[in-house]
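with the sequence up front, the predicted model follows.
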Amino acid sequence: TIRLWDRKTGQQINIIEGHSSAVTAVAMDDAMVVSGSEDNTIRLWDRNTGQQLNILEGHSSAVTGVVMDDTVVVSGSRDNTIRLWDRDTGQQIN
């Protein structure tokens, strides 16, 4: 579960659910939330609605870190790999 909070009011804005195991990494920008999990996946979510946009699969162990920019999502995993993903298509770049 990922919970989004308003920094000014302290009120919960949204709850995002979908991973089948613990969430271990989160990054976000104005439009999107990216999460990594012990279920070996990266998921992309609409920040405003909480709707799942994509599931990125390719790691063989828990995802422990995620970062993104306008075009790329980067993920690191306990499988000792770092992977780059096209943010729009979800396709692995490397």
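Looks like it arrived, so ask away. Residues are numbered from 1 along each chain as shown.

gap between residue 42 and residue 70?
According to CB to CB, to the nearest Å, residue 42 and residue 70 sit 17 Å apart. To be clear about C-beta, it is placed using only N, CA and C from the backbone, and glycine gets the same treatment.

more neighbours, the two?
residue 42 (28 against 8; other CB atoms under 10 Å).

the more buried one contacts residue 66, correct?
Yes: using CB atoms under 8 Å, residue 42 is in contact with residue 66, at 6.0 Å.

helix or strand for the residue lying closest to residue 42 once chain neighbours are set aside, which one?
Once flanking residues are discounted, residue 42 sits nearest to residue 56: 4.0 Å by CB to CB, 6 or more residues apart in numbering. Assigned by DSSP states H and E, residue 56 belongs to strand 52-57.

report all helices and strands that that strand contacts.
strand 41-46 (3 or more CB pairs under 8 Å, 6 or more residues apart in numbering; DSSP states H and E).

now the angle between strand 52-57 and the strand it packs on, please.
Here the directions of strand 41-46 and strand 52-57 differ by 160 degrees (axes from the mean of the first three to the mean of the last three CA atoms, to 10 degrees).

returning to what we had before: any residues in contact with both of residue 42 and residue 66?
34-36, 73, 75 (CB atoms under 8 Å, 6 or more residues apart in numbering).
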